[in-house]
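>>> I'd like to go over a predicted model; first the sequence, then the structure.
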There are 2 protein chains.
Amino acid sequence: MAVTPRIQPTGGSPVVPTRGALRPLGLGEANLVGGFWGTRQQVNSESTIDHHRAWLDKLGWTGHFVEAANHSRRGREFTDSEVYKIMEAMAWDAGRTGDQDRDADLVELIGMIGAAQAEDGYLNTAFGGPGQRPRYSDFTQGHELYCAGHLLQAAVAHARTSAESELLTIARRVADHVCDTFGPTGRSSICGHPEIEAGLVELARVTGEQRYLDQAVLFVDRRGYRTLPEQEFGWPYFQDDMPVREATVLRGHAVRALYLSAGVVDVAVETGDTALLEAVAAQYDRALARRTYLTGGMGSRHADEAFGEDFVLPADRVYSETCAGVASIMLAWRLLLATGEPRYADVIERTLYNVVATSIGDDGRSFFYANTLHQRERGEPVPVDRERLHFAAGVRAPWFEVSCCLGNMARLFASLSTYMATVDDGGVRIHQYANAVVRTQLDDGRRVGLRVQTDYPETGTVRVRVTETPGGPWALALRVPAWAPGARLDGEVVEPGVAVVRKDFAPGDEVLLELPVGPRWTFPDSRIDAVRGCVAVERGPVVLCAEAAGDEPDNLDDLTVDVTVPPVDTEDGVTVPGRFRKLAEGGWPYTEDEQDSESEGPAQVRLVPYHRWARRGPSTMRVWLPRG
Amino acid sequence: MAVTPRIQPTGGSPVVPTRGALRPLGLGEANLVGGFWGTRQQVNSESTIDHHRAWLDKLGWTGHFVEAANHSRRGREFTDSEVYKIMEAMAWDAGRTGDQDRDADLVELIGMIGAAQAEDGYLNTAFGGPGQRPRYSDFTQGHELYCAGHLLQAAVAHARTSAESELLTIARRVADHVCDTFGPTGRSSICGHPEIEAGLVELARVTGEQRYLDQAVLFVDRRGYRTLPEQEFGWPYFQDDMPVREATVLRGHAVRALYLSAGVVDVAVETGDTALLEAVAAQYDRALARRTYLTGGMGSRHADEAFGEDFVLPADRVYSETCAGVASIMLAWRLLLATGEPRYADVIERTLYNVVATSIGDDGRSFFYANTLHQRERGEPVPVDRERLHFAAGVRAPWFEVSCCLGNMARLFASLSTYMATVDDGGVRIHQYANAVVRTQLDDGRRVGLRVQTDYPETGTVRVRVTETPGGPWALALRVPAWAPGARLDGEVVEPGVAVVRKDFAPGDEVLLELPVGPRWTFPDSRIDAVRGCVAVERGPVVLCAEAAGDEPDNLDDLTVDVTVPPVDTEDGVTVPGRFRKLAEGGWPYTEDEQDSESEGPAQVRLVPYHRWARRGPSTMRVWLPRG
């Protein structure tokens, strides 16, 4: 059986391919130490995971497993997956921190869900019980295999972070049931929401069980023949409109498209199917070029949570679901590991700073589901004990009827250090800049240690100190983001891409990367109609925005900026030169003559990081600024 | 009892207020004779109504009434209303044409629905039967009172066009049941979808029954206190967020908002409640100034079929539901009758030419549900025997699972001539220009006749000949659209608004109105972000668009136009000077430098009326043209 990791990582990580350009590090090999991301990971550990557990219990979603046979369910069909996602987060967190209480909590949950598993391995609290719909009676929205996929991922996390895992046993029984039911001689069905594919491949990687990989291949190959029942949004909604190999762009429900693509990369890597890998990479590339927001956010439509057509990217009511951001990182990470192309790490960085960091409150207990780029009216605050039926406009909420995004962030934060660096046959590559300690072994078995020190993205100075090296040359590679022409490595200008220092390092050696993080204007492709005549400001990897909160005037509709003068860093943040027009109340808004408007005198408009918006109470906000 | 029409109209019309600035004409007083609208009315009569009846039978929606007690329903909760709307259309059509077969069809349907009415007057095939949910158990989406409202409107149409009407008897029993159930001492509820309000007032107008008016007042007064259960889209969705008198703009589900407003005007007029009338007029004015598309279309959001915030009017995926267009005409017409302000007739004209005329195929058997202003990808044709589950992108479909828009157009077309002219204490006013014959009596009882001859909007020449006049002076008033500065009446320039010729007319006298219908650039308010840097072209009341169909290249994303040169009428339609940019395939679409793009040489870009788009097979299209 081919699916065995070439080097068993230390401490585990979410994706461990058998082959590929780069090898991911485990939680024991890369650690965040404070700073932008370390702080967030700590909040996740100390606050968010408990917040989840409390809500899952309060809403009865954990209870479903105990009372599987005789209760009336609360919540949507896929609440089981929310429990599994937080179990995954707990596994990474316990693996990272060694927290015994967390591990005990997780073991308790494992016992709970194990007791709900049927004799034949089936495990889902929404189907098949008394008074419930039969198993596998709703592939469109039933989410049964989706839930199973999340269970598999949680089990993989536990197996990679624990000496033994009863969850792995449960997951194997689930996977065996899935293979028995949907295997080559079973039902020729697919799940409306992809997720099982990636779960099966990862379980194959952990267990060495070829059958799980084969089943994932089957699910991928079956998709695209319109075998799912038609529904309101058509077959593209769940990517059943055309076979994966024939599609040229991501389409339909964004999270479904991205989860599917992540699973397809896993399948392609494990089966050595280069054509399949290239197909999904091309779809993602086209989506990045034509269907992605400046933040890295994906999916512009509310109605079907879907990608729009090429260049349909209005800033108003951007959907950019948090889950789609996490899923895009999942996909980009897999492609990065497979290909080594640094532009995928650029996407991860952009999405982390501008979708993920935006989506969660500083307390780790409030969340955006949708991430708009333009808020015209101030939202209403949501009480901390109140779940939202769907998304809240412009305010973070403590919980949602559909809470997928929350669990996704929790499991990402819990494993975040594993996305920072990789090992390859040349040495170590650093992808994301954060205060971190890396201790790993090179492909040839030599142990190396690094300490990364930076206050990036506040400044662009990144120091990498070699703390351990066995002698003999190896390569320290550093990503230079595409937005950073003019970057310097030890004083020499380096091109965007990957800058490499290969030498016989000694302990204490330092490499200095200087990235030009100063604010800059960013112009949109002229085909993005909705932001024509507008400009944005970015600072390093961070998208900025204008915001009016508290007693600041709500005049962002009236703002224009002057792009002939560059934006500047000041004591008070970034400022750009602008004016506020005096706009008439007005009647019919379409006129034969172009409307002239007087302006107030010139103003210095202060911008803040987009990920900081809506943290001072309800506010109005815009990322794209009309040009004067 | 106050609600008796001051003059009984001849032939009936949809709205007959007791008081107001203008008196509507009945179907016997105003007739369309060919031309733009007469042709469409004829198609409605000869094709569309039969198309409806066939689909209603095929889908079993008429059958629900026969088998009310013992069948399994098909379709949504509100299919009864689709039957009622087509009955209303049949009543107007039979009243207009005197077609005995149509009348017989209608009488057959009346018998069918009458048999399904319960002893206590309740009539709805979706609730209260065996295996069905109880009556009035779902005010949010049950649509029971909404269906009743459409039944009342159908009965009013029949009562106004027939010597006797069994449908009126059925409707009175329904209305009595509603008053018994929801009256001052009954359940203090409202329907999630307004419609009953206007139906009750019209029934009061026909029957003189004060109780029906009082019940409408009650429903209006009860709304806005969040008594409906919360759902995904919040209380604004069904206008239960704040009392009607306190709201400042239309919001939430566009059709619900507009139906409610129409009923509120009816209530305000009949009760003499000036403050209430002014409140709803102000809400509509603000919606027109900030929440309306160039076409007059309303409602930009797909997810909740709702108005967006002020100036959120992206051209892509415009919802602009056909029903909202019809409902906006219903509201504007009521406000026109109440106030006499010609700008409401401007809105009706704009919406007729650019929403209603767009929404229906030339054969009267295919329809748009949503009316986008920008189509980026060609849609897939819909087979003529196939209903759509929801809206179809860029192609007209023969039927929809939710077919509200279709019935709304049928009833509007069947009564369309009644929107053309009115009588007031000065004489006759013509609001819409179409080949028509008007024969009516003035307020003082004198009979007058007019013949309107025009090929408007192709040209702007409108001749009004007096065919009958009793002697003595009276006023012939003609609307001059707001877009038509420079219009001439008998050679003299007249201002937009109302131009009046008051004199002692003789038979054969002619008045000549010349409207400058040549093409013109139209610029959007700078706060409509989504079309910043774009311009549209209008020609008279008609919005134009660029379209690529058949073997024309799909290059509308690359188009820019030059606004320094005016658009011109040519043999081949309207052309504007433009260029097609050569756009790179491109990677990440947000760049530090403004993207330069080469252009092809200058081109004359042909534009077509927006209402003609998608008639040559699937096409791409855009109304808003980027400026070069």
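Now that the structure is in, tell me what you want to look at.

>>> residue contacts, the nearest residue to A:Thr339 once chain neighbours are set aside?
Setting aside the residues directly before and after it, A:Thr339 is nearest to A:Ala21 in space (C-beta to C-beta, 6 or more residues apart in numbering or on different chains), at 5.6 Å. C-beta: built from backbone N, CA, C; applies to glycine. Counting by C-beta atoms under 8 Å, 6 or more residues apart in numbering or on different chains, A:Ala21 touches A:337-340, A:424.

>>> do the same with A:Ser597
A:581-584, B:526.

>>> Those into TSV, with extra columns for distance to A:Tyr433?
Formatted as TSV, the contacts of A:Ser597 follow (distance: C-beta to C-beta, whole Å):
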residue	distance to A:Tyr433
A:Arg581	40
A:Lys582	44
A:Leu583	42
A:Ala584	48
B:Ser526	40
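
>>> what's the closest of the residues you listed to A:Leu213?
The nearest member of the contacts of A:Ser597 to A:Leu213, counting by C-beta to C-beta, is B:Ser526 at 56.6 Å.

>>> For the closest one, which non-adjacent residue is closest in space?
Using C-beta to C-beta, 6+ apart, the nearest residue to B:Ser526 is A:Gln595, at 6.2 Å.

>>> any idea which element that neighbour lies in?
Assigned by DSSP states H and E, A:Gln595 belongs to neither a helix nor a strand.

>>> same thing with A:Val462?
Assigned by DSSP H and E, A:Val462 belongs to strand A:461-468.

>>> Whatever helix or strand comes next after that strand to strand A:461-468, inter-axis angle?
The first helix or strand that comes after strand A:461-468 along the chain, using DSSP H and E, is strand A:474-480. Comparing the axes of strand A:474-480 and strand A:461-468 via axes from the mean of the first three to the mean of the last three C-alpha atoms, to 10 degrees yields an angle of 160 degrees.

>>> which residues are in contact with the next helix-or-strand element following strand A:474-480?
Sequence order places strand A:488-489 as the next helix or strand after strand A:474-480, per DSSP H and E. Here strand A:488-489 makes contact (C-beta under 8 Å, 6+ apart) with A:478, A:480, A:494, A:499, A:501, A:511-514.

>>> Among the residues you listed, name the buried ones.
Buried by 16 or more other C-beta atoms under 10 Å in any protein chain shown: A:478, A:480, A:494, A:499, A:501, A:511, A:513-514, out of the contacts of strand A:488-489.

>>> quick one on the thing from earlier: quick check: the two most widely separated of the contacts of A:Ser597?
Within the contacts of A:Ser597, A:Lys582 and B:Ser526 form the most distant pair, 11.5 Å apart (C-beta to C-beta).

>>> The two: which is more packed in?
A count of neighbours by other C-beta atoms under 10 Å in any protein chain shown puts B:Ser526 above the other of A:Lys582 and B:Ser526, at 22 against 11.

>>> Give me the three-state assignment for that one.
Three-state call for B:Ser526 (DSSP: H, G, I helix; E, B strand; the rest coil): coil.

>>> Surely it touches A:Gly586?
No - with contacts counted by C-beta atoms under 8 Å, B:Ser526 stays clear of A:Gly586, the gap being 10.4 Å.

>>> Out of the contacts of A:Ala21, list just those in helices.
A:337-339 (DSSP state H).

>>> Nearest to chain B among the residues you listed?
Set against chain B, the nearest of the ones in helices among the contacts of A:Ala21 by C-beta to the nearest C-beta is A:Thr339 (15.4 Å).

>>> how many neighbours does the closest one have?
Considering only other C-beta under 10 Å, A:Thr339 is surrounded by 18 other residues.

>>> One more: the one 4 residues further on?
Burial of A:Arg343, expressed as a neighbour count using other C-beta under 10 Å, amounts to 20.

>>> quick one: the residue of the stretch 151-300 of chain A found nearest chain B from A:Arg502, how far?
Of all residues in the stretch 151-300 of chain A, the one sitting closest to chain B is A:Glu232 (4.7 Å; C-beta to the nearest C-beta). According to C-beta to C-beta, to the nearest Å, A:Glu232 stands 56 Å off from A:Arg502.

>>> what's the answer for A:Ala257, then?
Distance from A:Ala257 to A:Arg502, counting by C-beta to C-beta: 39 Å.
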